[in-house]
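Peer 1: from the sequence below, what's the structure:
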Amino acid sequence: MRLRVFLAALLLLAMSHRYSEAADLAAGKEKAELCSACHGENGISQIENIPSLAAQPDAFIQWQLVFFRAGTRKNEQMQPIVEQLNNDDVRNLGAYFASLPPPPKKSDDNPDLSAKGAQAAVGRRCASCHTDSYAGTKAVARIAGQREEYLVKALHDYKSGVRAGGGMAAMADVAYPLSEEEIVALAHYLAHL
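Peer 2: Below you'll find the model as predicted:
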């Protein structure tokens, strides 16, 4: 029993030392050059259904990369890239994207739809995980200012069970009862924050 406690303590000590190492933002920026073809310069996507990564929480980016690398999250374009990433790359990319400013706020061309989306967000308690500003925290995504069509796609993926990894269970519970109208309104509202 003492040996098990000792080994567990030794493992925790080793892990805490490893995680206390500072991420290398310069190395993260260099590695992110691979990401910019799809996720955009400075992490702001210009491609439909590709999320912006700028200002995403560090832990969120790291977990998603780990999920892709492990095959828990599947994406044909991401697989060959994440297979090349080691743990330092993952840590550096998380820190780098978290350090970037968020996408610029877009003018809202449909405030009525945003009002419906705001109601849906309150009704589904989105702020309880994504924070009151929807900027995300720790391993929870920033959804404020995200690409609108990507948010629609993500909600559909959660609703249908296609998307796995991370908060899948919580998001499936939230997304499953959403109507198509609510999904569209919610995505519009969040994209324009």
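
Peer 1: contact partners for the most centrally placed residue in the chain?
Peer 2: Residue closest to the average C-alpha location in the chain (CA atoms, centre = their mean): Ala141, at 3.8 Å. For Ala141, the contacting residues are Gln56, Pro57, Phe60, His130, by CB atoms under 8 Å, 6 or more residues apart in numbering. (C-beta placed from N, C-alpha, C; glycine too.)

Peer 1: the second one reaches Ala98, doesn't it?
Peer 2: Read it as Pro57. Yes. Assessed by CB atoms under 8 Å, Pro57 is found in contact with Ala98 at 6.0 Å.

Peer 1: the more surrounded of the two?
Peer 2: Ala98 (23 against 20; other CB atoms under 10 Å).

Peer 1: look up the closest residue to the more buried one, ignoring the ones flanking it.
Peer 2: Asp58 (4.0 Å; CB to CB, 6 or more residues apart in numbering).

Peer 1: just the ones in helices from the contacts of Ala141, please.
Peer 2: Within the contacts of Ala141, residues falling in helices by DSSP state H are Phe60, His130.

Peer 1: and the contacts of Ala141 as JSON lines, adding pLDDT and distance to Pro102?
Peer 2: Converted to JSON lines, those look like this (pLDDT from 0 to 100; distance: CB to CB, whole Å):
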{"residue": "Gln56", "pLDDT": "98", "distance to Pro102": "9"}
{"residue": "Pro57", "pLDDT": "98", "distance to Pro102": "11"}
{"residue": "Phe60", "pLDDT": "96", "distance to Pro102": "13"}
{"residue": "His130", "pLDDT": "97", "distance to Pro102": "13"}
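
Peer 1: among the contacts of Ala141, which one is most surrounded by other residues?
Peer 2: Gln56 (25 neighbours).
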